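A.B. asks: Give me coordinates for this.
(chains A, B, C and D)
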2 protein chains.
Amino acid sequence: MSQNRFTPETTRLDDAARAGWLYYVAGNTQDEIARKMGVSRQTAQRLVAMALAERLVKVRLDHPIGRCMDLAAALRDRFGLITCEVAPSDPEAPDLLTGIAIAAAAELERVLKSPERRIVSLGTGRNLRATVEQLPRMACPQHVVVSRLGNMMQDGSATPYNATIRLAERIGAPHFPYPLPVLARDAQELAAMQQQQAARNTIRLCAEADLSLVGIGQMDMTAPLHVDGFLSTAEMEELARAGAVGEITSWVYDAQGRIIDCAFNHRVASAPLPRAGDRPVIAVASGQAKLPAIRAALNGRLINGLVTSEATAERLLA
Amino acid sequence: MSQNRFTPETTRLDDAARAGWLYYVAGNTQDEIARKMGVSRQTAQRLVAMALAERLVKVRLDHPIGRCMDLAAALRDRFGLITCEVAPSDPEAPDLLTGIAIAAAAELERVLKSPERRIVSLGTGRNLRATVEQLPRMACPQHVVVSRLGNMMQDGSATPYNATIRLAERIGAPHFPYPLPVLARDAQELAAMQQQQAARNTIRLCAEADLSLVGIGQMDMTAPLHVDGFLSTAEMEELARAGAVGEITSWVYDAQGRIIDCAFNHRVASAPLPRAGDRPVIAVASGQAKLPAIRAALNGRLINGLVTSEATAERLLA
DNA sequence: CCTTCCGATGGGCATATACTCATCCGCCGG
DNA sequence: CCGGCGGATGAGTATATGCCCATCGGAAGG
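C.D. replies: Just a heads-up that it's a prediction; the model follows:
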């Protein structure tokens, strides 16, 4: 078909549209298209590619998951994330944990399937606990599970939501609880604690973790740190004045995602936050209340992966 | 990823949606999808196929031609056509000939490109004439062009719009003009005419035609048969009373596409209409005025191919 | 009229995709 | 507890697709 009988541009685009239609809508093979349009197969291929390049074909996914993946892609783009999963929100309960727990579990499971030894470090929190609950039982003795922070309060009692032990049990992997409490009394005590062999070993493992899953805590009266009794109301208010908007494994940061240089952070005994480089540091967090904390963590590149809900993702991008 | 932890149907469909999204929207290869989703390549392929089968992915073509091809596909479906082309209508002049002439010429060209001998039979009319004008010059001595009806009026003068000669000249093929006039005086004269060797030979060629291109005539005061003087106003009115809505190569038919058993048809000297079986009998017709005639021809399976305008296609499907 | 250049073309090949088949796993009835 | 059944899986393979490159032909400029 001689394109030059008419305006070549138009006709060529028309042909591209035809080819695109035949390929994507009618499901023809490029060979059939070539025959039907009277051109060579290669030309048909070029036309189909052109239809794609010229954005003539628009693909839409008619499934809740489609919107989620759009949001996830947007978040990845915007915040330079290695990985991002957005779970469909149930309109009835937009911030239900189950969805994101399943999504996060899928991420985790992917890593655990590796036959190579992997070090997985975990924070704490309801989200992570729920995530681990969603994992199927697997036999993964080759991996190592390590906690990034203590589960002891200063009085020696345990915090709830311990994900590390649960995960280790579930997959039959050796695990390293964090051998220090969440907080030291002061910087001096902290320094002493960190000299312990077990602490140094565990902190090193955390630094080498192939995958880190953490929660994100908000900084209001519903803050996990406050609810669990690590932060008095007075301390909370002081931190808020210093600009605190969120915390990850107890490290408190401001709206730009910078760890605040304050008395509280000098007492935090948790493993240092991994520099979110090439190894995934994935936050599992959602909910209106955590929004500023999540946004700050993303802005400050404290994390390079996020698993969240559709509703939260939308608000993050707004 | 064990689907059986949750409702298997849902999860599988979700996975299909993810896979579809990754494939069609994100442009991943199935191998990448397999890695990202932690499944085998084959499973990824199945998921993509499922997303397609379950109609999760909707492809839309953002180009005027897209609408045309949708209409063409709908017409093919609805009327069991072998081939159907819908040319974009210029909103300024919805029934302009050029568009459909180009489209029809493309159809014709496709057949002419064959190195095998093809018999192409033609009707008459502005549409066919315009179609032939759109053909590029080609050297096709292997083909044969034959006319399905005469171009002589009863007084021996020629009708306009002779497409056969023009086509034969353009492609350098041997051609067979129709050796009889359009109409005989009566059935008896007709029978005598058809005994002629030339007539029998030409009619046989028409019956064997590999491609037949015909126009469709309406049955009102603008009817080609009337304008060209073959049908008096009185005869027209009588045929209309008998239910005539259109004609193809002078054979007059009713709204169901049945050739009417009437005096006029008993005088028609044109080659019998080919039974629209597997060999293409393509009508080139468009325009509000021809709508009932086209619809009837489609309903009666007098044709198995149609080239028309976007506007006409829409009305045919309405 | 000839030369040069650019885009289009089709052959050939590496890769990706679709399909078939044997097998496996979990479920169910005996 | 066992055997049969149906869907899911992975290996293998035929087919389709994407890409590189040599070549061609028409347009612009000398």
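
A.B. asks: So which residues on the stretch 51-200 of chain A come close to chain B?
C.D. replies: A:51, A:55-66, A:69-70, A:73, A:102, A:106, A:109-110, A:113, A:134, A:136 (CB under 8 Å from any CB of the partner chain). Using the backbone N, CA and C atoms, a C-beta is placed for each residue, glycine as well.

A.B. asks: Weed out the non-buried ones from these.
C.D. replies: A:51, A:56-57, A:59, A:61, A:63-66, A:69-70, A:73, A:102, A:106, A:109-110, A:134 (16 or more other CB atoms under 10 Å in any protein chain shown).

A.B. asks: Tell me how many other residues surround A:Leu302.
C.D. replies: Using other CB atoms under 10 Å in any protein chain shown, A:Leu302 is surrounded by 23 other residues.

A.B. asks: And it, how close does it get to B:Arg67?
C.D. replies: 49 Å (CB to CB, to the nearest Å).

A.B. asks: on that earlier part again, looking at the buried ones among the residues of the stretch 51-200 of chain A next to chain B, which are in strands?
C.D. replies: Using DSSP state E, the subset of those located in strands is A:57, A:59, A:61.

A.B. asks: Which one of those residues is nearest to B:Arg118?
C.D. replies: Nearest to B:Arg118, judged by CB to CB, of these is A:Val57 at 34.4 Å.

A.B. asks: That closest one contacts B:Asp62, doesn't it?
C.D. replies: Yes: using CB atoms under 8 Å, A:Val57 is in contact with B:Asp62, at 7.4 Å.

A.B. asks: tell me the domain ranges of chain A?
C.D. replies: Annotated domains of chain A cover A:3-53, A:64-317 [automatic domain parsing].

A.B. asks: how about the shortest one, does it get close to DNA strand D?
C.D. replies: To tie it back to what came earlier, the one meant is domain A:3-53. Yes: using CB under 7 Å from any atom of the strand, domain A:3-53 reaches DNA strand D at A:4, A:23, A:29-31, A:41-42, A:45, A:48-49.

A.B. asks: Turn those into a markdown table, including neighbour count, distance to A:Ile171 and secondary structure.
C.D. replies: Below are the residues of domain A:3-53 next to DNA strand D laid out as a markdown table (neighbours: other CB atoms under 10 Å in any protein chain shown; distance: CB to CB, whole Å; DSSP: H, G, I helix; E, B strand; the rest coil):
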| residue | neighbour count | distance to A:Ile171 | secondary structure |
| --- | --- | --- | --- |
| A:Asn4 | 8 | 66 | helix |
| A:Tyr23 | 23 | 45 | helix |
| A:Thr29 | 12 | 45 | coil |
| A:Gln30 | 19 | 46 | helix |
| A:Asp31 | 12 | 49 | helix |
| A:Arg41 | 14 | 50 | helix |
| A:Gln42 | 10 | 51 | helix |
| A:Gln45 | 17 | 46 | helix |
| A:Val48 | 22 | 45 | helix |
| A:Ala49 | 15 | 45 | helix |
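
A.B. asks: Out of those residues, which comes closest to B:Leu190?
C.D. replies: Among the residues of domain A:3-53 next to DNA strand D, and counting by CB to CB, the member closest to B:Leu190 is A:Asn4, at 47.3 Å.

A.B. asks: What's the per-residue pLDDT of the closest one here?
C.D. replies: Looking at A:Asn4, its pLDDT is 32.

A.B. asks: How about A:Thr10?
C.D. replies: On the pLDDT scale, A:Thr10 gets 55.

A.B. asks: cool, and the one 3 residues further on?
C.D. replies: Per-residue pLDDT puts A:Leu13 at 77.

A.B. asks: What of the one 3 residues further on?
C.D. replies: The confidence metric pLDDT takes the value 86 at A:Ala16.

A.B. asks: do A:Tyr23 as well
C.D. replies: 87.

A.B. asks: ok, now which ones touch it?
C.D. replies: Residues near A:Tyr23 by CB atoms under 8 Å, 6 or more residues apart in numbering or on different chains: A:30, A:33, A:48, A:51.

A.B. asks: and what of A:Leu52?
C.D. replies: For A:Leu52, the contacting residues are A:Gly20, by CB under 8 Å, 6+ apart.

A.B. asks: Would you mind pulling the contact partners of the helix or strand hosting A:Gln188?
C.D. replies: According to DSSP states H and E, A:Gln188 maps onto helix A:187-194. With CB under 8 Å, 6+ apart as the test, helix A:187-194 has contacts from A:180, A:184, A:199-200, A:203, A:266-269.

A.B. asks: Mind doing that once more with 10 Å?
C.D. replies: Residues from elsewhere that reach helix A:187-194 (CB atoms under 10 Å, 6 or more residues apart in numbering or on different chains): A:150, A:179-181, A:183-185, A:199-200, A:203, A:263, A:265-269.
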